[in-house]
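Student: Quick one: sequence plus predicted model below, questions after.
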4 protein chains.
Amino acid sequence: MNITLKQAEAVIASAKSKAIELNTKMNICVVDSGANLVAFARMDGAWLGSIDISLKKAKTARFFDMNTGVIGGLSQPGESLYNIEHSNGGLITFPGGIPIHDKNGVIIGAIGVSGSSVENDHTVAAAGLDAF
Amino acid sequence: MNITLKQAEAVIASAKSKAIELNTKMNICVVDSGANLVAFARMDGAWLGSIDISLKKAKTARFFDMNTGVIGGLSQPGESLYNIEHSNGGLITFPGGIPIHDKNGVIIGAIGVSGSSVENDHTVAAAGLDAF
Amino acid sequence: MNITLKQAEAVIASAKSKAIELNTKMNICVVDSGANLVAFARMDGAWLGSIDISLKKAKTARFFDMNTGVIGGLSQPGESLYNIEHSNGGLITFPGGIPIHDKNGVIIGAIGVSGSSVENDHTVAAAGLDAF
Amino acid sequence: MNITLKQAEAVIASAKSKAIELNTKMNICVVDSGANLVAFARMDGAWLGSIDISLKKAKTARFFDMNTGVIGGLSQPGESLYNIEHSNGGLITFPGGIPIHDKNGVIIGAIGVSGSSVENDHTVAAAGLDAF
């Protein structure tokens, strides 16, 4: 099963509402279960460099079916996945990417958010999932 | 001046309506005047390979401020811009990319559409501009 | 608003004067508000490897609208943006990149300088902004 | 021997004068004998996609020590260098790139120009060499 465009647009709308509430400007990206882009929105004035980061967060979250921040803990110097960011054309492993499951727990995609602190990025990504 | 997210979403909605009317499944992409991504939507079941093509069409249209198909006519064997597609990390020069102007004729971005015949791609891209 | 070529050339001339004063050989790069190259100069004998670094510094400064060194503090092991350099085709996050604002505070581009110590790189980049 | 920055800036100034005379907006690039960037200028409003093309034209001219258009004749379907554009991270083989020699006939660099018809591009590049 894959996330539909309608679902992805609802995820982005929900994330965008939270971003506005937090007074942030976000790049918001949704990929499907194949880690391929479904929908994207850059809020006016959001960082240009965060376009690619939001995409890489969404892909990273789906590549390993976990929150990006979890991988970031394992990719530090001396840790088991040190510098895993070199794979797959570049990963982003700090918070802001979250897998999306359907009501049966099956992964149907992922969301990636970038444009503020990593705490805000994660909060906005999590808010995107409230659309379900 | 740059296209706003609100404008870009209206462009995508207008293009999507035309795509449905034509019974096609499209990838639709909008970039700003700096050729940076603003909004994207992949309709359910649209070709995966057209994600990148729609992005490259939008960028190509803004890179040269003309419809992508015009460049494609000039990049044929024996023509003046033969193999221009090797520049800029890859261009797409068949129809489906169109610059977007504001009411004063200033370029504020571009749309790129991919997922069907190039005639349909161009028709859907042109329909996106009807949002203005 | 975008920086003009005339302004960019003045920025480079100002930076170059400072580089000569410091007895350094610099690569100096200016991008516009879309992070696209406007002007570049490599002083005779400057490091070849710094061509790309100066460009990446300018882009990084515009991508996130802050001095590159600020990002470098956050991208260290254990910090919130660890390994952000893997995004956007490669970022440079040590000092030498600075956003350029117009008199109203709107970002119109960025300068990137590379060729000496990062302290000198930053000093020369800052001198470039004195052109305004 | 390598072209100096002072010489490269004179080449760009000369090319720019011709571009203005022709009422064109050009991207003008100069590389040294190692095919590494020395100086670059994008005239206000010049095509964004021509940044990379001007750079690739300059590199291509120095890579093979001939005008880019000559290579373009040989890279056509059925010709001896068919699709040589796939090498070196992308070549541009239509007119607008010209090697630069010192007064002894030694190659010291190359100029690449992009932003108009290939005839205008070549004319402006040739005007750049008048600086010598």
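Tutor: Nice, I can see it. Residues are numbered from 1 along each chain as shown, chains lettered A, B, ... in the order given.
Student: The residue positioned nearest the centre of chain A: what secondary structure?
Tutor: The centroid of chain A falls nearest to residue A:112 when counting by CA atoms, centre = their mean (1.5 Å). Judged by DSSP: H, G, I helix; E, B strand; the rest coil, the three-state class of residue A:112 is strand.
Student: what are the ranges of the strands in chain A?
Tutor: A:27-32, A:37-42, A:97-101, A:107-114 (DSSP state E).
Student: just to revisit the earlier point, I figured the residue nearest to the centre of chain A hits residue A:62, correct?
Tutor: No: Residue A:112 is beyond contact range of residue A:62, at 9.1 Å (criterion: CB atoms under 8 Å). In this view, the C-beta of every residue, glycine as well, is placed from N, C-alpha and C.
Student: any shared contact partners between those two?
Tutor: residue A:31 (CB atoms under 8 Å, 6 or more residues apart in numbering or on different chains).
Student: Just grab the bridge partners of the residue nearest to the centre of chain A for me.
Tutor: On the basis of DSSP bridges, residue A:112 is bridged to residue A:29, residue A:97.
Student: Contacts only, for the nearest residue to residue A:88 once chain neighbours are set aside.
Tutor: Leaving aside its sequence neighbours, residue A:88 sits nearest to residue A:63 (CB to CB, 6 or more residues apart in numbering or on different chains; 6.3 Å). Counting by CB under 8 Å, 6+ apart, residue A:63 makes contact with A:35, A:88, A:91.
Student: what number of residues lie near the spatially closest residue to residue A:121 that is not a sequence neighbour?
Tutor: Spatial nearest neighbour of residue A:121, excluding adjacent residues (CB to CB, 6+ apart): residue A:96 at 3.3 Å. Residue A:96 has 37 neighbours, counted by other CB atoms under 10 Å in any protein chain shown.
Student: Pretty sure residue A:96 sits against residue A:118.
Tutor: Yes: applying CB under 8 Å, one finds residue A:96 in contact with residue A:118, separated by 6.0 Å.
Student: got the contact list for the residue in chain A positioned nearest to chain D?
Tutor: The minimum distance from chain A to chain D, using CB to the nearest CB, falls at residue A:48 (13.9 Å). Counting by CB under 8 Å, 6+ apart, residue A:48 touches B:34, B:36, C:34, C:35, C:62, C:63.
Student: can you map out the helices along chain A?
Tutor: A:5-21, A:49-64, A:68-74, A:118-129 (DSSP state H).
Student: Out of the ones you listed, which one sits most buried?
Tutor: helix A:49-64 (a mean of 27; mean count of other CB atoms under 10 Å in any protein chain shown).
Student: Just the C-alphas of that helix, formatted as CSV.
Tutor: Below are the C-alpha coordinates for helix A:49-64, written out as CSV (Å, rounded to 0.1, in the frame of the first residue of the first chain):
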residue,chain,number,x,y,z
GLY,A,49,18.8,24.7,1.6
SER,A,50,16.0,23.0,3.4
ILE,A,51,14.3,21.8,0.1
ASP,A,52,16.8,19.1,-0.3
ILE,A,53,17.1,18.4,3.5
SER,A,54,13.3,17.9,3.8
LEU,A,55,13.4,15.4,0.9
LYS,A,56,16.4,13.6,2.3
LYS,A,57,14.7,13.4,5.7
ALA,A,58,11.6,11.8,4.2
LYS,A,59,13.7,9.4,2.2
THR,A,60,15.9,8.5,5.2
ALA,A,61,12.9,7.8,7.4
ARG,A,62,11.5,5.4,4.8
PHE,A,63,14.8,3.9,3.9
PHE,A,64,15.2,2.6,7.5
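Student: before we move on, back to that, which residues are in contact with each of residue A:96 and residue A:118?
Tutor: Here residue A:96 and residue A:118 have residue A:69 as joint contacts, going by CB under 8 Å, 6+ apart.
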